[in-house]
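Trainee: Mind looking at a prediction? Sequence and model below.
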Amino acid sequence: MCSQPPRDVDDEYLIDDILEAIPLMSQDTKVLCITGGEPTILGWRLIEVLTAVSRYLPDSSLHMLSNGRAFAYRATAKAVSQAGCRDLMIGVPLYADIASVHNFVVQARDAFDQTIRGMMNLARFNIALEIRFVIHRQTVSRLVQTAKFIARNLPFASQVAFMGLETIGFTRSNLSVLWIDPWEYRDALREAVTMLAAAGMRVMVYNLPLCLIPEEIWPFAQQSISDWKNIYMPECAGCAMKAQCAGFFASASFKYSDHIRPFDTVSQLPSFSII
């Protein structure tokens, strides 16, 4: 929705390009994703985009990523709900169950309160919500507690995604304070996933290879990395589970777990149900 990394130029022409492209897209398009920068800073131009999608691609699912803060204003949530998109889900990150941690991660005062109010307004206007928890060294200590918070306070969420870290952009320049071997939090991830599943919530695990997570939660793992940036490490050669595994972001080639290992045979997935 804007140039990345941001430039000190007016790039609103990108929205005009998008509005010209939407009518040309195949009506068989299954899913569109709106990412960013933050799309809500476009104001009414975002509503133009959503309205165009609803008009020209009425049967397509639309997934929009947002920090959720603008939806703390009821008028914003209401306007999005009235844009006419039949199947819209908004993915909003929640980095902790307490304000101090979430605000530190996003480096914005009052962000936690605004994000929670935004989530509640999305529910108020019947907009599907995906809660995203990116696991890194600054958030991992609140992983289980955040799962409890979600189950108790945000049960209306359509799905919850626990996400492995992509080591790109500012993450790479802050790697020493962000990166943690997924092997270290595998037990906490198992507890968080099974807790939410037991509460009747739809749960997904993104961006983590199967050999780094407990087998009990394999049914929740998704092949979530876009094919153009999806790789496998040399240690994965000959792994019988490779076809079912998310693998790695290409940016991870310089830093990844010491616990990667191939499986000799295809494992039987445990009989957990994804609600």
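Mentor: Now that the structure is in, tell me what you want to look at. Numbering: from 1, shown residues only.
Trainee: Okay, now the unreliable bits of the stretch 151-275 of the chain?
Mentor: Along the stretch 151-275 of the chain, the model assigns pLDDT under 70 to residues 268-275.
Trainee: How are the helices of it distributed by residue range?
Mentor: Taking DSSP state H, counting those that start in this stretch, the helices of the stretch 151-275 of the chain run over residues 170-173, 175-178, 186-198.
Trainee: so which of those helices is the most packed in?
Mentor: With neighbours taken as mean count of other C-beta atoms under 10 Å, the helices of the stretch 151-275 of the chain reach their highest mean count in helix 186-198, at a mean of 19. Bear in mind the C-beta positions are built from the backbone N, C-alpha and C, glycine included.
Trainee: burial count for Pro205?
Mentor: For the record, residue 205 is Val, not Pro. 25 (other C-beta atoms under 10 Å).
Trainee: going forward can the numbers begin at 15, since that is how I track them
Mentor: Renumbered: residue one is now 15, and that last one reads Val219.
Trainee: Please name the bridge partners of it.
Mentor: Going by DSSP bridges, Val219 is paired in beta bridges with Phe176, Ala235.
Trainee: so what's Met255 closest to, chain neighbours aside?
Mentor: If you skip the residues right next to it in sequence, Met255 has Phe277 as its closest partner in space, 4.6 Å away by C-beta to C-beta, 6 or more residues apart in numbering.
Trainee: Same check on Ser172?
Mentor: By the measure of C-beta to C-beta, 6+ apart, the closest residue to Ser172 outside its immediate chain neighbours is Ala142, 4.2 Å from it.
Trainee: If I follow the layout properly, Thr153 ends up in contact with Ile112?
Mentor: No: in terms of C-beta atoms under 8 Å, Thr153 does not count as a neighbour of Ile112; the distance is 10.9 Å.
Trainee: Compare neighbour counts for the two and give me the winner.
Mentor: Counting neighbours by other C-beta under 10 Å for Thr153 and for Ile112 shows that Thr153 has the greater number, 23 against 13.
Trainee: Show the contacting residues for that one.
Mentor: Going by C-beta atoms under 8 Å, 6 or more residues apart in numbering, Thr153 touches 109-110, 115, 119, 147, 160.
Trainee: try Glu249
Mentor: Counting by C-beta under 8 Å, 6+ apart, Glu249 touches 274-276.
Trainee: nearest to Ala257, of those?
Mentor: Pro276 (12.6 Å; C-beta to C-beta).
Trainee: right, and the closest one touches Cys250 too?
Mentor: Yes: applying C-beta under 8 Å, one finds Pro276 in contact with Cys250, separated by 6.2 Å.
Trainee: which residues are common contacts for the two?
Mentor: Between them, Pro276 and Cys250 share the neighbouring residues Lys256, with contact defined by C-beta under 8 Å, 6+ apart.
Trainee: If you count surrounding residues, which of these two has more?
Mentor: Counted by other C-beta under 10 Å, Pro276 and Cys250 do not tie: Cys250 has more neighbours, with 19 against 15.
Trainee: Save the contacts of Glu249 as TSV, and put in distance to Leu28 too.
Mentor: Supplementary listing: those in TSV, determined by distance: C-beta to C-beta, whole Å:
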residue	distance to Leu28
Ile274	38
Arg275	43
Pro276	43
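Trainee: Out of these, list just those in strands.
Mentor: For the contacts of Glu249, membership in strands holds for none, with DSSP state E as the criterion.
Trainee: related to what we said a few turns ago, please name the bridge partners of the residue nearest to Ser172.
Mentor: Where Ala142 sits in a bridge, its partners, by DSSP bridges, are Met103.
Trainee: Check the separation of the first and last residues in stretch 211-225.
Mentor: With C-alpha to C-alpha, to the nearest Å as the measure, stretch 211-225 spans 21 Å from end to end.
Trainee: can I assume Gln159 is in contact with Leu108?
Mentor: No: with contacts counted by C-beta under 8 Å, Gln159 stays clear of Leu108, the gap being 11.6 Å.
Trainee: More neighbours: these two, which one.
Mentor: Neighbours were tallied for Gln159 and for Leu108 using other C-beta under 10 Å; the higher tally belongs to Leu108 (24 against 15).
Trainee: What distance do you get for the more buried one to Asn81?
Mentor: 10 Å (C-beta to C-beta, to the nearest Å).
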